[in-house]
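Student: only the shape, not the letters, is given here:
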């Protein structure tokens, strides 16, 4: 029996990294399905554009709550079961969204799909525990970019399937690939490491969920409520109070959901601090490009592109992100992950500057997206290496889950910020912003990326000085 088990392990080992990469790719691609389908949701379910945004927001809310809990549950011997359960919930979410049963069931499905945000941290933890040292580094760097690659895959695939096969077909396709990922989970993933069981910090999970939910709600509803409205200010202040309370609780509890003391390690602090600013500064470029190229030329700019063409504009972003994972690791080993992040912030500034000054032709936008993808890929590949270097193996899933939550909050904040800027530049009686709105949005994002660059330089200098 032991010989048979060893033989099965040897057969599964070559499939482990491809399975983990596929798992991360599927969870991210499915999670991004809502963005290119928003206009279709408005027409099919007869809801307003503001209400349709909940198809995106609810996934982020569910992911923000589920991710740290999954990370803590998956840091021990139950990891495989947690991954299987998470993949099944994403599959179930695709089925719910595909059924023609109204906007309510669609939101339920999108919420279940948000659970997929917690799968990438567990995939990284699996790679760290199951692979030898010389293989775990490249695998972790590769898994770090699945978020960027998955977004670039999900947009064009969703657009093409919806245009030719209908709205539901995109989610049925998501269910099929989730089913394949589920089978691979069962037959390829190893059992979790034998570690003592730890209690789940239920009060911490509730507090963090409420705080992040409030912040995401404020960010997503800000344009509709008004950024200086009493309701928005009350939700924001209340969420920040809950967040402070959560931090105090995590520092005092013997079994924290996220061990905040790990942030004392400079590399862990650097990864989490920079990803928040980078997420705010660069993620809006994706939505700006998709909206820009679909705008009819009669508006004075834009190309009147179809949903498929708009989605394909993100292909260079995905391809460059994947290539970056192969470049970032050797550079980080020769220098440091912190230096890679500094250089990547400069690359992102070049990408956003390129979009600002040159967007008269599609190839110029494609070039900007390729540059952005390379910069994002290098950062996404380097950040997990920073976190793994600073936390013990039994904390990998939890630490990466907290990082994932911060990245999602950054994405949401950036998306809301760019939407607000564009709204300001919509002339009275019109539905489309002026070209100046895109320029101002790009300038705002450049300012945020400059802050990310300054922070990454300071943290890299401190890390170098400590050695």
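Tutor: Arrived safely. Not measured: the values here are computed from a predicted model.
Student: tell me the domain boundaries of this structure?
Tutor: 1-193, 201-256, 258-467 (automatic domain parsing).
Student: how far away is residue 258 from residue 335?
Tutor: In this structure, residue 258 and residue 335 are 29 Å apart, going by CB to CB, to the nearest Å. In this view, the C-beta of every residue, glycine as well, is placed from N, C-alpha and C.
Student: about what we covered before: how about the domains of the chain in a markdown table, adding mean neighbour count and mean pLDDT?
Tutor: Putting those into a markdown table (neighbours: other CB atoms under 10 Å; pLDDT from 0 to 100) gives the following:
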| stretch | mean neighbour count | mean pLDDT |
| --- | --- | --- |
| domain 1-193 | 21 | 81 |
| domain 201-256 | 17 | 85 |
| domain 258-467 | 20 | 87 |
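Student: for residue 402, give me its contacts.
Tutor: Residue 402 makes contact with 68, 71, 258, 272, according to CB atoms under 8 Å, 6 or more residues apart in numbering.
Student: secondary structure element for the first one?
Tutor: Right, the one you point to is residue 68. Counting by DSSP states H and E, the element that carries residue 68 is helix 54-73.
Student: list the helices and strands that helix packs on?
Tutor: The helices and strands touching helix 54-73, judged by 3 or more CB pairs under 8 Å, 6 or more residues apart in numbering; DSSP states H and E, are helix 38-45, helix 79-98, helix 103-113, helix 119-130, helix 202-225, helix 396-424.
Student: let me have those in JSON lines, extended by distance to residue 266.
Tutor: As requested, those are exported to JSON lines (distance: least, CB to CB, whole Å):
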{"stretch": "helix 38-45", "distance to residue 266": "40"}
{"stretch": "helix 79-98", "distance to residue 266": "28"}
{"stretch": "helix 103-113", "distance to residue 266": "35"}
{"stretch": "helix 119-130", "distance to residue 266": "20"}
{"stretch": "helix 202-225", "distance to residue 266": "24"}
{"stretch": "helix 396-424", "distance to residue 266": "14"}
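Student: tell me which of those sits nearest to residue 329.
Tutor: Across the helices and strands packed on helix 54-73, the minimum distance to residue 329, taken as CB to CB, is reached by helix 119-130, at 12.9 Å.
Student: circling back: how far off helix 119-130 does the helix holding residue 68 point, in degrees?
Tutor: For helix 54-73 and helix 119-130, the angle between their directions (axes from the mean of the first three to the mean of the last three CA atoms, to 10 degrees) works out to 20 degrees.
Student: ok, and what's touching stretch 82-91?
Tutor: By CB under 8 Å, 6+ apart, the list of residues contacting stretch 82-91 from outside reads 23, 26-27, 30, 66, 70, 73-74, 112-113, 115-116, 118-119, 122-123, 126, 175, 178-179, 181-182, 185-186, 189.
Student: wait, stretch 188-208
Tutor: Residues outside stretch 188-208 that contact it (CB under 8 Å, 6+ apart): 9, 12, 15-16, 19, 64-65, 68-69, 72-81, 83-84, 126, 129-130, 242-243, 245-246, 249-250, 253, 255-258, 393-394, 405.
Student: residues contacting residue 458?
Tutor: Counted by CB under 8 Å, 6+ apart, residue 458 has zero contacts.
Student: pull the longest helix from the chain.
Tutor: helix 435-466 (DSSP state H).
Student: starting at the chain centroid, how far to that one?
Tutor: Its chain's C-alpha centre lies 19 Å from the corresponding centre of helix 435-466 when counted by CA atoms, centre = their mean, to the nearest Å.
Student: and if you look at stretch 369-376?
Tutor: Relative to the centre of its chain, stretch 369-376 is centred 15 Å away, using CA atoms, centre = their mean.
Student: which residues does it contact?
Tutor: Contact with stretch 369-376 is made by 145, 148, 152, 278, 282, 285, 289, 313-314, 316-321, 323-324, 344-348, 350-352, 354, as judged by CB under 8 Å, 6+ apart.
Student: among the residues you listed, name the ones in helices.
Tutor: Among those, the members falling in helices (DSSP H) are 148, 152, 278, 282, 285, 289, 316-321, 323-324, 344-348, 350-352, 354.
Student: picking that back up, quick one: which of the helices and strands packed on helix 54-73 is nearest residue 232?
Tutor: Nearest to residue 232 among the helices and strands packed on helix 54-73 is helix 202-225; the distance by CB to CB comes to 4.6 Å.
Student: who touches the nearest residue to residue 299 once chain neighbours are set aside in this structure?
Tutor: When the adjacent residues along the chain are set aside, residue 299 lies closest to residue 432, with 4.9 Å between them (CB to CB, 6 or more residues apart in numbering). Residues touching residue 432, when contacts are defined by CB under 8 Å, 6+ apart, comprise 295, 299, 426.
Student: does residue 432 count as helix, strand or coil?
Tutor: Classification of residue 432 using DSSP: H, G, I helix; E, B strand; the rest coil returns coil.
Student: state the distance from it to residue 444.
Tutor: 19 Å.
Student: one more: residue 433?
Tutor: Separation of residue 433 from residue 444 (CB to CB): 14 Å.
Student: same deal with residue 222?
Tutor: When CB to CB is the yardstick, residue 222 and residue 444 sit 14 Å from each other.
Student: same check, this time on residue 262
Tutor: In this structure, residue 262 lies at 32 Å from residue 444, with CB to CB as the measure.
Student: then residue 383?
Tutor: Using CB to CB, which is the criterion applied here, residue 383 is 23 Å from residue 444.
Student: do residue 104 as well
Tutor: When distances are taken as CB to CB, residue 104 and residue 444 turn out to be 35 Å apart.
Student: ignoring the adjacent residues along the chain, who's closest to residue 100?
Tutor: The spatial neighbour of residue 100 that comes closest, neighbours along the chain excluded (CB to CB, 6+ apart), is residue 168 at 6.5 Å.
Student: now swap in residue 354 and tell me
Tutor: Across the structure, with CB to CB, 6+ apart as the measure, the residue nearest residue 354 apart from its sequence neighbours is residue 368 (4.2 Å).
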